[in-house]
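S.K.: Got a predicted structure here, sequence first:
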Amino acid sequence: MNDILKQIEILKRRIESINFEDTTNYDDEYKKHLSIEKAVFRKVVDNLEYQLLSSEEKQGQRILQLAKSREQDWDVKKQLNEINLYSKIREIVPYIMAVSYKMNKEGKHLTEDLLAFCDRQLEIIDSSPYKRKITFPTKEEVEKAFKSYTERIKPNMIPSLKVYKQPEVNKKIEELYQMFLDLAH
């Protein structure tokens, strides 16, 4: 992490040196080159700094970006869906973990695929602040990820699971499942 912070500082110093450089003696091509270099370095610095943010800070950045988009009168439906989905996943993951059950035949936990799917979705959303296109998983991907839920948990196929004495767990997972289906393309 210290190496990344050092690299960010080096890039920031280069940006500052470009800002203070006397370009009156440079030809137009070199001025253009410096302008592009500065823009690229600024973008790299912004991206690196974004990657160092916590999940909550990244969500805050998405919310700020939403406000900026609204100021521009842009359609914010997908941005809002992404923010809501991110919050819902973070809310529901502990409930998914609560129904984790070691399946002897398959050698894995009942909700392992679903947890991995949710983690991937969080990573996709957190990956970059500069998304031009927000994409959500397909219906098939959602159905595959929620297979253990729809085939075993929801229909009470494993009576020994304690989740059946906790209806809120089933309710919360169902909320996330429906949200993914609503957003699926």
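M.R.: On my side now, so go ahead.
S.K.: Check which helix or strand residue 61 maps to.
M.R.: Taking DSSP states H and E as the definition, residue 61 sits inside helix 55-71.
S.K.: Could I get the buried residue list for the helix or strand harbouring residue 178?
M.R.: Assigning secondary structure by DSSP H and E places residue 178 in helix 167-183. Under the neighbour-count criterion of 16 or more other Cβ atoms under 10 Å, helix 167-183 has 169-170, 172-174, 176-177, 179-180, 183 buried. C-beta: built from backbone N, CA, C; applies to glycine.
S.K.: Give me the helices and strands touching that helix, please.
M.R.: Applying 3 or more Cβ pairs under 8 Å, 6 or more residues apart in numbering; DSSP states H and E, one finds that helix 167-183 makes contact with helix 77-98, helix 139-145.
S.K.: Can you lay out those as JSON lines showing mean neighbour count and distance to residue 60?
M.R.: Formatted as JSON lines, the helices and strands packed on helix 167-183 follow (neighbours: other Cβ atoms under 10 Å; distance: least, Cβ to Cβ, whole Å):
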{"stretch": "helix 77-98", "mean neighbour count": "16", "distance to residue 60": "10"}
{"stretch": "helix 139-145", "mean neighbour count": "16", "distance to residue 60": "27"}
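S.K.: Let me have the ones you listed in CSV, extended by mean pLDDT and distance to residue 36.
M.R.: Supplementary listing: these in CSV, determined by pLDDT from 0 to 100; distance: least, Cβ to Cβ, whole Å:
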stretch, mean pLDDT, distance to residue 36
helix 77-98, 92, 28
helix 139-145, 95, 38
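S.K.: Just put those in a markdown table and tack on distance to residue 156.
M.R.: What follows is those, written out as a markdown table (distance: least, Cβ to Cβ, whole Å):
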| stretch | distance to residue 156 |
| --- | --- |
| helix 77-98 | 15 |
| helix 139-145 | 20 |
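S.K.: which stretch among these comes nearest residue 153?
M.R.: Comparing the helices and strands packed on helix 167-183 by their distance to residue 153 (Cβ to Cβ), the top pick is helix 77-98, with 9.6 Å.
S.K.: Now tell me what touches that closest one from outside.
M.R.: Residues from elsewhere that reach helix 77-98, judged by Cβ atoms under 8 Å, 6 or more residues apart in numbering: 55, 59, 62-63, 65-66, 69, 111, 114-115, 118, 121-122, 125-126, 134, 136, 162-163, 166, 168-169, 172-173, 175-176, 179-180, 183.
S.K.: From the centroid of the chain, which residue is nearest?
M.R.: For the chain, the residue lying nearest the average C-alpha position, counting by Cα atoms, centre = their mean, turns out to be residue 125 (1.9 Å).
S.K.: Quick check, pLDDT for that one.
M.R.: pLDDT, the model's per-residue confidence, is 91 for residue 125.
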